[in-house]
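**Student:** sharing a model that was predicted from the sequence below.
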Amino acid sequence: MKRSNFIIIIILFLGSCSSLKTNDTQSITIYMIGDSTMANKKNPNNNPEHGWGQVLPNFFTENVIIKNHAVNGRSSKSFRDLKHWKPVLDSLQKGDYVFIQFGHNDSKDTDPKRYTNPQTSYRYNLMRYVEEARAKGAIPVLFSSIARRKFNAEGVLLDSHGNYTLITRLVAQEMKVPFIDLQYATEQLEETYGVEASKKLHLHFKKGENEYFPDGIEDNTHLSKLGANEVANLAVKEISRKIPELKKYSKLNQ
């Protein structure tokens, strides 16, 4: 074999390997829609509150682009009504993922702008998000809401979400959408920490203890930085298990 032919073969081989490597590490985009437990927070260097979506990029490789559109106080109804969904929908490309998590604010039955009946309007809201994402070639993923820290006097962690989690699961089954049960995962997290230590997962500060909350705060719904990281860790483990295509992008598997 002539030397020139040998060199050409080597170049073609290396080019083929480079192409395979590029395909294996191509970027993917994840859009997130939901409420305050997922949302990015202002002043992250000083604000002790963090959403689990805010810290999620730390758990994926640089090939994953996360666009967190979750907004404080939104329900499956108000997120659309207040035009938060439109820019997400307009931006979706084939192969993008859409992480969908509502329920906390859908149960606000004194607020007609947010409340949804879990058996009817909430169910159809989720179905519509799924259908519209799929119409753009995107891949929807449904999440149940994270648990609230709600222990009774006997130390039993109580449910806070009623039928919203069940309906999310049923919509996922009906529409063949990946379902990540963060309520179950975070209930186990709260119970593992226990009644007192679980306060560290949320926002518990006495007056004068934290300058961001000078009057103190006892918030058992929203997450501290520790809590957000714990929830994101659980989410990525479940994502890797339920969505094998994303597993290779997880830092937990490296």
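**Tutor:** Happy to help now that I have it.
**Student:** count of residues packed around Arg241?
**Tutor:** Residues near Arg241, counting by other Cβ atoms under 10 Å, number 11. Quick note: C-beta positions are derived from backbone N, CA and C, even for glycine.
**Student:** is it within a helix or a strand, and which one?
**Tutor:** Arg241 belongs to helix 225-242 when elements are defined using DSSP states H and E.
**Student:** go through that helix and flag the buried ones.
**Tutor:** Residues 225, 227-240 are the ones in helix 225-242 that count as buried (16 or more other Cβ atoms under 10 Å).
**Student:** helices or strands up against it?
**Tutor:** helix 52-55, strand 179-180, helix 182-197, helix 244-247 (3 or more Cβ pairs under 8 Å, 6 or more residues apart in numbering; DSSP states H and E).
**Student:** just put these in TSV and tack on distance to Thr120, mean pLDDT and mean neighbour count.
**Tutor:** What follows is those, written out as TSV (distance: least, Cβ to Cβ, whole Å; pLDDT from 0 to 100; neighbours: other Cβ atoms under 10 Å):
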stretch	distance to Thr120	mean pLDDT	mean neighbour count
helix 52-55	27	98	25
strand 179-180	20	98	22
helix 182-197	21	98	17
helix 244-247	32	96	14
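**Student:** for Asn68, find the nearest of these.
**Tutor:** helix 52-55 (4.4 Å; Cβ to Cβ).
**Student:** for the following helix or strand past the closest one, C-alpha coordinates in PDB please.
**Tutor:** Downstream of helix 52-55, the first helix or strand assigned by DSSP H and E is strand 64-68. Output in PDB follows, covering the C-alpha atoms of strand 64-68 (Å, rounded to 0.1, in the frame of the first residue of the first chain):
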ATOM      1  CA  VAL A  64     -27.400  20.300  28.500                       C
ATOM      2  CA  ILE A  65     -29.000  23.700  28.200                       C
ATOM      3  CA  ILE A  66     -31.600  24.400  30.800                       C
ATOM      4  CA  LYS A  67     -34.100  27.200  30.200                       C
ATOM      5  CA  ASN A  68     -36.100  27.600  33.400                       C
END
